[in-house]
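Chemist: got a predicted model here, sequence first, then my questions.
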Amino acid sequence: MTMAALLGGVLAVPAAAAAEVDGDLPDSASVQADIDGDGGPELITVRERAGDRVVSARFADHSYVESPFAADTAGRLHLDPRVADLGRDGAADLLVTTATGANTLTFAAFTYIPEQGLVRVTGTDGVPLTFHDGGGATSLASYACHEPGDDGATFTTVRAERTDGGLYGVRTRYEVERDTVVPRGQTEFHGVAEDAPVAQADPASCAPA
């Protein structure tokens, strides 16, 4: 008989028990990331379940936490989670794909909070954070991370439209405080070149140090 505990609304069970509950696991993708800051990696998995997706973490002591999220994409496509440190605080966050469009992915972010489990990152209004990476011939969307500046910002998104006169869009800065993003300012740009600093955002900069 296996035991399960409910932590802050998130089911935590041993990994073996999770397999028993789910039976044959559907399509899934996994990475390793240190989400609890103990210096050792946890096994992070995104998998399909009942039409939506679940992100889960398996710890060295065989405990297990998971959190479901809605996704407008199915099958093996874009299951792979990305590992990031949005708050630049040394704690790994998890980015999962919630939708796919024309050359663009939409992401949600989860962070691990002890006694709560995997918690979705939201704005100060409680609305889940979503952001994008991609674009194409007519648009640009991306995100980046950096060390806190004078305004405390650590995470930046860029959205722009491509026109004959250059890029028109907005650059938005946030401070990420564990499971909450706090706006720290916006910069609108009009008719700038593709290589203009205001339009640059490199997702690789969000990789944990």
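Modeler: Received it, and whenever you're ready, just let me know what you need.

Chemist: quickly list what the closest residue to Ala199 other than its chain neighbours is bridged to.
Modeler: Using C-beta to C-beta, 6 or more residues apart in numbering and skipping residues adjacent in sequence, the residue nearest Ala199 is Leu167, 5.2 Å away. Heads up, the C-betas are built off the backbone N, CA and C, glycines and all. Taking DSSP bridges as the rule, Leu167 bridges to Arg162, Val192.

Chemist: right, and Leu167 touches Ala141 too?
Modeler: No: counting by C-beta atoms under 8 Å, Leu167 sits too far from Ala141 to count as a contact (11.5 Å).

Chemist: got any residues that touch both of those two?
Modeler: Ala160 (C-beta atoms under 8 Å, 6 or more residues apart in numbering).

Chemist: got a pLDDT number for Leu7?
Modeler: For Leu7, the model assigns a pLDDT of 36.

Chemist: for Asp38, that is, sorry about that
Modeler: Here the pLDDT value assigned to Asp38 is 87.

Chemist: burial count for it?
Modeler: The tally of other residues near Asp38 (other C-beta atoms under 10 Å) stands at 10.

Chemist: now swap in Tyr174 and tell me
Modeler: Neighbours of Tyr174 (other C-beta under 10 Å): 25.

Chemist: that one: what's it in contact with?
Modeler: Tyr174 neighbours (C-beta under 8 Å, 6+ apart): 153-157, 181-184.

Chemist: pLDDT score for it?
Modeler: 97.

Chemist: sketch out the low-pLDDT regions of the protein for me.
Modeler: Applying pLDDT under 70 to the chain picks out residues 1-26, 74-76.

Chemist: helices of that one, start to end?
Modeler: Secondary structure of the chain (DSSP state H): helices at 15-22.

Chemist: middle-most residue in this protein, spatially?
Modeler: In the chain, the C-alpha nearest the mean C-alpha coordinate belongs to Leu95, at 2.1 Å (C-alpha atoms, centre = their mean).
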